[in-house]
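Asks: just a sequence and a predicted model for now, questions to come.
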Amino acid sequence: MSTVRLNRAEAQRRKHWDRKWIPYALMAPAVIAIVVIILSPLVTTIIYSFSNIDLIRDRTTFIGFENYVELFTGRLFWKAVEINLKFAAIVVIVPTTLGLFFALLLVEEFTGRSIGRTLLILPWALPWIVIGLLWNWIVNAQFGALNGLLYTLGLIDKYIPFMANEHWALVFTALASAWRQTSFSAILLLAALQTIPEDLYDAAKVDGAGMRARFRYITFAWLRPTLTIVLLYNIVLGFLQFDAVWMMTQGGPGDATMLISVLLYRYTFINFDLGMGAAVSNVLGLITMGVGLIFVRLIYRPHSTYV
Amino acid sequence: MNHASRLNWRAVARKAATYLAFFCLIFWVGFPVYYMLITSFMDPPELGAKPPHWIPQEPTIENYREVIIGETGQRGDYGTTTEFSRMMPALLNSTFVSVSVVLSNLVIGGMAAYAFSRFDFRFSRIAYLGVLMTRVLPALSLIVPLFIILRRLSLTNTLWALILTYTIFILPLTIWILREYFDTLARDIEEMALIDGATRWQAFRMVVAPLAVPGLIAVGVMSFMEAWSEFFFALTLTNSLTYPPLLMSFRNLHQVNWNALAAATTIGVLPPVIVAFVFQRYLVRGLSEGAVKG
């Protein structure tokens, strides 16, 4: 008895002693790293966007809003915005609907379901750059799989150079992004579908709810939070995609697939206009932060329905 | 009778619709990957065939052999480049980077997540929210100052630049998931161990860590995939040291041996694909917790 009490006192003492500095020490590496590598560049980017940076003479001059004025009054930025909106529309609509479709399929009981579930992960496991390459193979004008397929089916008798066409180029780069994002959406939606308690359906059946009513009031209602999250993710990706597009078109043909991210790359690494690059960065950052804040608001609150 | 046969008909229609949808899924997911695979097993002349050969007529593993020994262009003028000799070293680099990122991410992120989960200390809430907020920042938009910082540290064009940036950009997600995970683990057992005279470290090692293994695996797998796949930083901070930017560099060559490229791509996606299939369960869980729960 006495040893227990002694141990407890010892433990209490130890606990008080270590409580003071241990948590700080534990979080220090992560917090310092994040401040140095993420937050300090953030501040720098903001400063850069108000500066003219002369790399050759290594001189930085403060020029106020000039970069933003140039950006917002120029033709290039609005063109990128327009292209990006079309691109994002495809990247939001296709993966969300197709992902929902696949998720609903894969909760059904049928032979081959587990193969389907495993296969679903495959696109998600591939790097974006590989996805760009895969879709290059599909749309290639000399040996593309799509041309081959259409030719085999007798629908065309001459191969079509899809990527030389501005509209097709945008559609196919967006579809390549949608391809991987569909898997991601379906995985999340499927996971949510699997948590619906079976008795909800049974109870509804007893109450005389038809199939449509059950889908609307049980399945869809249950999925709504996850659908919101999936939508937000797809929107963010629609504005942040770079890898696959850079692999497939590098922004071409002409400027047909010049997303905001491609414009950012061009300003920064091709024109070496760091000030303008930083201004584009901040605009892009604000767009995704806006979406992200909605996202954090939705999930970071106690007793949230999204948990 | 009539009723029964109608029910039966409906069941059949439903089955048919299900399998039609299943076929769509297989085609949508499988077709692009299948085309890469058959390309990788063909000799270059077979690739241009019209109509295309959907099954290679003379399957060959020559492409794989050439990529692995790093000597392509032995067969005529199909991409007489030495670029492929960089493929195996790049894969080795990618492996080194990814494994380092997983380990450092688990240690640093795990420590922070544990602190946020178990201790109530000054600034804990603000620091946690700060960490969460950085998850929302697009990495793309920070590249210029990051490049300058890393150049000052003479880290550009080294693997360390990638290990450092990947680890740190994955940290917010790791901390987020692991903190949720630690929160769900019962504190009582841990408290009991402490009362029984265990130190914090002993309590962590013997009670918390074993219980947290699934969460740690999920986070580890996700950071592996991220580190293996990352392209933008690898493109801008290094000169194609790892697999993704090297794949990109083939795009700019005049003549590429597409078949060898297909083989090289296939070899390079094996690690993430195998990891994803093996840890499927943890991944799906980590994904949905990281995405939905937050």
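Replies: Received, thanks.
Asks: give me every residue that touches the residue most central in space within chain A.
Replies: What sits nearest the mean C-alpha location of chain A, by Cα atoms, centre = their mean, is residue A:237, with 3.0 Å. The neighbours of residue A:237, taking Cβ atoms under 8 Å, 6 or more residues apart in numbering or on different chains as the test, are A:91, A:177, A:181. C-beta here means a position set from N, CA and C on the backbone, and glycine is covered the same way.
Asks: what about the helix or strand harbouring it, average pLDDT?
Replies: Take DSSP states H and E as the rule and residue A:237 turns out to sit in helix A:221-240. Helix A:221-240 carries an average pLDDT of 88.
Asks: so how far is it off the chain centroid?
Replies: The chain centroid and the centroid of helix A:221-240 are separated by 9 Å, computed with Cα atoms, centre = their mean, to the nearest Å.
Asks: next, see if the helix or strand following it gets close to chain B.
Replies: Next along the chain after helix A:221-240, taking DSSP H and E as the criterion, comes helix A:243-248. Yes: counting by Cβ under 8 Å from any Cβ of the partner chain, chain B is contacted by helix A:243-248 at A:243, A:246-247.
Asks: same question, stretch A:93-110
Replies: Yes: under the criterion of Cβ under 8 Å from any Cβ, stretch A:93-110 makes contact with chain B via A:98, A:101-102, A:105-106, A:108, A:110.
Asks: contacts only, for residue B:96.
Replies: Counting by Cβ under 8 Å, 6+ apart, the residues that residue B:96 touches are residue B:159.
Asks: what's the helix or strand for it?
Replies: If you go by DSSP H and E, residue B:96 is part of helix B:87-118.
Asks: who's in contact with the next helix or strand after that helix?
Replies: Sequence order places helix B:124-134 as the next helix or strand after helix B:87-118, per DSSP H and E. Residues outside helix B:124-134 that contact it (Cβ under 8 Å, 6+ apart): A:23, A:27, A:30-31, A:34, A:38-39, A:296, A:300, B:112, B:115-116, B:171-172, B:175-176, B:179, B:294.
Asks: re earlier: could I get the contacts of residue A:237 as JSON lines with neighbour count?
Replies: Listed next are the contacts of residue A:237 as JSON lines, based on neighbours: other Cβ atoms under 10 Å in any protein chain shown:
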{"residue": "A:91", "neighbour count": "26"}
{"residue": "A:177", "neighbour count": "28"}
{"residue": "A:181", "neighbour count": "26"}
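Asks: among the residues you listed, which one sits closest to residue A:121?
Replies: Nearest to residue A:121, judged by Cβ to Cβ, of the contacts of residue A:237 is residue A:181 at 13.5 Å.
Asks: make sure the closest one is actually in contact with residue A:91.
Replies: Yes: the pair residue A:181 / residue A:91 is scored as a contact, 6.2 Å apart, by Cβ atoms under 8 Å.
Asks: who touches both of those two?
Replies: Both residue A:181 and residue A:91 are contacted by A:234, A:237, under the criterion Cβ under 8 Å, 6+ apart.
Asks: I'd say residue A:152 and residue B:51 touch.
Replies: Yes: using Cβ under 8 Å, residue A:152 is in contact with residue B:51, at 4.7 Å.
Asks: the top helix by length along chain B close to chain A?
Replies: Using DSSP state H to assign secondary structure, the helix with the most residues in chain B is helix B:2-40. Yes: for helix B:2-40, a contact with chain A is found by Cβ under 8 Å from any Cβ, at B:15, B:18-19, B:21-22, B:25-26, B:28-33, B:35-36, B:39.
Asks: nearest the middle, which residue of chain B would you pick?
Replies: residue B:225 (1.4 Å).
Asks: remind me which helix or strand that residue belongs to.
Replies: Going by DSSP H and E, residue B:225 is part of helix B:209-229.
Asks: pLDDT score for residue B:73?
Replies: pLDDT, read off for residue B:73, is 57.
Asks: cool, and the one 3 residues further on?
Replies: On pLDDT, residue B:76 comes in at 52.
Asks: which element follows the least confident helix or strand in chain A by mean pLDDT toward the C-terminus?
Replies: Using mean pLDDT, DSSP states H and E, the weakest-scoring helix or strand in chain A turns out to be helix A:2-34, at a mean of 70. Once helix A:2-34 ends, the next helix or strand along the chain (criterion: DSSP H and E) is helix A:40-49.
Asks: quick one, what contacts residue A:87?
Replies: A:170, A:173-174, A:177, A:238, A:241, A:257, A:259.
Asks: of those, closest to chain B?
Replies: Using Cβ to the nearest Cβ, residue A:241 is the member of the contacts of residue A:87 that sits closest to chain B, with 9.6 Å.
Asks: I'd like the distance between that closest one and residue B:215.
Replies: Using Cβ to Cβ, to the nearest Å, one gets 29 Å for the distance from residue A:241 to residue B:215.
Asks: these two: which is more packed in?
Replies: With neighbours defined as other Cβ atoms under 10 Å in any protein chain shown, residue A:241 and residue B:215 compare such that residue A:241 has more, 27 against 24.
Asks: that one touches residue A:259, doesn't it?
Replies: Yes: assessed by Cβ under 8 Å, residue A:241 is found in contact with residue A:259 at 6.6 Å.
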